[in-house]
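J.: Mind folding the following:
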Amino acid sequence: MIKSLKHWVVTKAGRCGQRLSKLEDTLFTENRLLFLAIGIVLGYAGLLALKMSEGRSVFGPDGTSLCYVDFCTNWVSGKFAVSSNPAEVYNYSLFSAAQMAFVGPPSPGFPAYHYAYPPTYLFFTYPLGLLSYFAAFVAWAVFTLVLYETAVYMIVPRLSALFLALTPVVVTENILLGQNGLLVAGLIGLSLASIERRPWVSGGIVALLTCKPQFGVGFPLAFLGSRNWRAFAASTVASAIFVMAAAMVFGVSTWPSFVSALFDRNSSLSSDEGVEITQQSVFGFIYWASGSVTTPLLLHMIVAVAAAVTLTLIWNKPIPHTLKSAALCLSTMMITPYIEMYDFCVLSIAVAFLIKDGLIRGFLVGERVAIVFCFVSLLFSYLPIGAAVYLVLSLVLARRIRVWFKDGFSALSPPEPRRP
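T.: Purely as a prediction, here's the structure:
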């Protein structure tokens, strides 16, 4: 009786899996995805134009600049970077006064921001200080978007990949707010795409992530796990040079000031008093659910350690580079407690590597549906949905790794995709 029931369940599951696989193959063709992506991008462009015309972007309804737009922090920090005393960027009174002097008083509910980035970030905002507010915004949006798209194309060299990479709503939010999520995702993608053939270049790109160091933690673990000493040496030396260069150019006192700013945060890890932000991390989800701080941080540390150990083990095994790279992106998002909505662009890099692996070895049943689920979930990024998205993508990754060890995808091995 039990054997018969088990046989029926297995048979039923197998038939459902076959139907789902056929449905995925029918729906997720490259041409259909390309046309869908183009439609979504055009819709975003219209929405972006509408918001800007209504004064909900870099300029207000009366044509004046709005202080609460995130890009203001980048631009004003650039003004400090080109000044005679760049270290004053960490002086909250002066920084907030500069914001109000350049772009007007803050709107209700949006106080002037602290500058909470390390001195190395000033190298990226320095050129912005030489431009007008609007010109700097356009230059920043174009630069970060091109960097992001270049990384995606290096992973999956197809036109459809470029358009699909623009469809997550967080990409539009990055452009609208002038945030740095595209910058971080682009650097991570470029480093991972070049590590096999150019480990020295890859390590040098990792050094640039010291501008947001919480996103570079996984790289040393991966380099050590894979015994890639050239990439490890390059990232270590280049990071030290980058850090010392920031001290020499912007002042030695900038580093102690930055460290001091790290500890001046409220319970949600926001650096701005009175501003609660939604952290898209395990910490953020538990904090949102419980309202306490100690327990969420403790549980997050447990998850972070587990993610770090798992990442090191994955890179130590004979696993395809595509899967290792996806693991690094996901581990990066799980290790740090400080992740905001715009940082979700890193997930596009993880998905790009998963899709590349699927194009090479074939897709497993349900994977593409799971990725679409994660894509739709980003529409609700005002909630702490990050932990759920990481879990789904991690399960997709773990399943592919398991099948790889089991049979090397022997049953799913189409030829290597050609460049278009």
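J.: Need the residue closest to the centroid of the chain.
T.: Nearest to the mean C-alpha position of the chain, counting by Cα atoms, centre = their mean, stands Val346 at 2.5 Å.
J.: what's that residue in contact with, if anything?
T.: When contacts are counted by Cβ atoms under 8 Å, 6 or more residues apart in numbering, Val346 touches Gly181, Val184, Ala185, Ile188, Phe215, Cys329, Thr332, Met333. Backbone N, C-alpha and C define where each C-beta goes, glycine included.
J.: Tabulate those residues in a markdown table, adding columns for distance to Glu367.
T.: Below are these laid out as a markdown table (distance: Cβ to Cβ, whole Å):
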| residue | distance to Glu367 |
| --- | --- |
| Gly181 | 25 |
| Val184 | 25 |
| Ala185 | 21 |
| Ile188 | 22 |
| Phe215 | 25 |
| Cys329 | 16 |
| Thr332 | 21 |
| Met333 | 19 |
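J.: and after the helix or strand of the chain with the lowest mean pLDDT, which helix or strand comes next?
T.: When each helix and strand of the chain is scored by mean pLDDT, DSSP states H and E, helix 2-27 comes last, with a mean of 63. For helix 2-27, the following helix or strand on the C-terminal side (DSSP states H and E) is helix 30-53.
J.: how close does Ser257 sit to Leu208?
T.: Note on Ser257: its distance to Leu208, by Cβ to Cβ, to the nearest Å, is 21 Å.
J.: same deal with Phe71?
T.: From Phe71 to Leu208 the distance is 20 Å (Cβ to Cβ).
J.: Now do the contacts for the nearest residue to Ser77 once chain neighbours are set aside.
T.: Of all residues not flanking Ser77 in the chain, Thr125 sits nearest, at 4.7 Å (Cβ to Cβ, 6 or more residues apart in numbering). The contact partners of Thr125, taken as Cβ under 8 Å, 6+ apart, are Asn74, Trp75, Ser77, Gly78, Ala81.
J.: Please, which helix or strand holds Thr125?
T.: Here Thr125 is assigned to helix 122-125, by DSSP H and E.
J.: how far does that helix sit from the chain's center?
T.: 19 Å (Cα atoms, centre = their mean, to the nearest Å).
J.: after it, next one along is what?
T.: helix 133-155.
J.: Now do the buried residues in that following helix.
T.: For helix 133-155, a neighbour-count test (16 or more other Cβ atoms under 10 Å) marks 133, 136-137, 140-141, 143-145, 147-149, 151-153, 155 as buried.
J.: Equivalent analysis for stretch 209-221, please.
T.: For stretch 209-221, by 16+ other Cβ under 10 Å, it's Leu209, Thr210, Cys211, Lys212, Gln214, Phe215, Gly216, Val217, Gly218, Phe219, Pro220, Leu221.
J.: ok, now stretch 362-371?
T.: By 16+ other Cβ under 10 Å, the buried positions in stretch 362-371 come out as Phe363, Leu364, Val365, Gly366, Glu367, Arg368, Ala370, Ile371.
J.: among those residues, which two are most distant?
T.: Val365 and Ile371 (12.9 Å; Cβ to Cβ).
J.: quick one: the closest residue in space to Gly178 that isn't next to it in sequence from Ala97, how far?
T.: Among residues not flanking Gly178 along the chain, Phe71 sits closest, at 2.3 Å (Cβ to Cβ, 6+ apart). Phe71 is 18 Å from Ala97, where distance means Cβ to Cβ.
J.: Name the residue in the two with the higher neighbour count.
T.: More crowded of Phe71 and Ala97, by other Cβ atoms under 10 Å: Phe71, with 24 against 12.
J.: Enumerate every residue touching the more buried one.
T.: Listed by Cβ under 8 Å, 6+ apart, the contact set of Phe71 reads Val58, Ala136, Phe137, Trp140, Leu177, Gly178, Gln179.
J.: Take those residues and write them to TSV, including pLDDT.
T.: Below are the contacts of Phe71 laid out as TSV (pLDDT from 0 to 100):
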residue	pLDDT
Val58	65
Ala136	93
Phe137	91
Trp140	96
Leu177	85
Gly178	89
Gln179	92
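J.: Throw those residues into CSV and include distance to Ala308, thanks.
T.: Shown next, in CSV, are these (distance: Cβ to Cβ, whole Å):
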residue, distance to Ala308
Val58, 38
Ala136, 37
Phe137, 37
Trp140, 32
Leu177, 30
Gly178, 32
Gln179, 26
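J.: Nearest to Phe285 among those residues?
T.: Of all the contacts of Phe71, Phe285 sits closest to Gln179, with 21.2 Å by Cβ to Cβ.
J.: Nearest residue to that closest one in space, please, no chain neighbours.
T.: Spatially, and ignoring its direct neighbours in sequence, Gln179 is nearest to Tyr342 (4.1 Å; Cβ to Cβ, 6+ apart).
J.: Confirm for me that that neighbour is in contact with Gly178.
T.: No - using Cβ atoms under 8 Å, Tyr342 makes no contact with Gly178, being 9.9 Å away.
J.: got any residues that touch both of those two?
T.: Asp70.
J.: coming back round to it: who has more neighbours, Ser257 and Leu208?
T.: Using other Cβ under 10 Å, the more surrounded residue of Ser257 and Leu208 is Leu208, with 22 against 16.
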